[in-house]
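Peer 1: I'll drop the sequence and a predicted model, then ask my questions.
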Amino acid sequence: MKTLYIVRHAKSSWEFPHLSDPERPLLEKGKERTKLVTKYLKKNKINVDLIISSHATRATETATILAKAIGYPAESIRINRMLYHATSENISDQFYEVPDNIRSLMIVGHNPTLTDFANQFLDKKIDWLPTSGIVSVTFNASGWDKILEMKPVVNFVIFPKMLKE
């Protein structure tokens with residue numbers, strides 16, 4: 001069994017016009033929304049064996065918040081620059097590099113690619129994966145290179161607005 005978590009980065013700031021797009025940090029509001037999601041993950045005892053994140057600051061900050069919340073060592077987050085301008089196919093290509101002993105994988109990246117990527121596993125398609133949104137699917141597969149051939153089981157689709165207290 002392989003479980004995949006597809007995560008869009010948290011809401012980022014446009015407050016610093018001198019920064020390049022990859023350098024934009026998270027808004028405090030984005031951090032708070034991500035904390036709502038982390039409460040859900042902790043409550044449901046979600047853990048991951050590997051986190052791969054885009055190199056963009058907003059993605060790595062989001063990955064770090066999630067990692068710390070679920071007990072994953074933040075220094076073990078694998079950064080992949082390709083995820084910044086990835087296509088769905090580029091993301092799928094990542095699976096060939098994931099060792100089979102990894103049971104659960106979290107990918108933190110950007111739209112519109114993540115919406116397109118997640119929708120290939122969902123019967124009920126989403127219009128847009130919002131910031132800090134997560135789609136989780138499980139595949140009855142022994143290797144990551146086989147998951148695209150398998151029928152996924154949707155575990156959850158969570159958006160921060162669904163979790164407001």
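Peer 2: Here it is on my side, so go on.
Peer 1: Please make it C-alpha for all contacts and neighbour counts, starting now.
Peer 2: OK.
Peer 1: Of all the residues in whichever helix in the chain runs longest, which ones are buried?
Peer 2: Counting by DSSP state H, the longest helix found in the chain is helix 28-43. With burial defined by 16 or more other C-alpha atoms under 10 Å, the residues of helix 28-43 counted as buried are 30-31, 33-38, 41.
Peer 1: Can you pull out the low-pLDDT segments for the protein?
Peer 2: 165 (pLDDT under 70).
Peer 1: Tell me where it has helices.
Peer 2: Using DSSP H, helices in the chain cover 28-43, 57-70, 88-94, 113-119.
Peer 1: Export only the CA atoms of the last one, formatted as CSV.
Peer 2: Coordinates of the C-alpha atoms in helix 113-119 are reproduced here as CSV (Å, rounded to 0.1, in the frame of the first residue of the first chain):
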residue,chain,number,x,y,z
THR,A,113,-0.4,21.7,-11.6
LEU,A,114,-1.5,20.2,-8.2
THR,A,115,-5.2,20.6,-9.0
ASP,A,116,-4.7,18.8,-12.3
PHE,A,117,-2.5,16.2,-10.7
ALA,A,118,-5.0,15.5,-7.9
ASN,A,119,-8.0,15.4,-10.2
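Peer 1: and that helix, what other elements does it pack with?
Peer 2: The contact analysis (3 or more C-alpha pairs under 8 Å, 6 or more residues apart in numbering; DSSP states H and E) places helix 113-119 against strand 2-8, helix 88-94.
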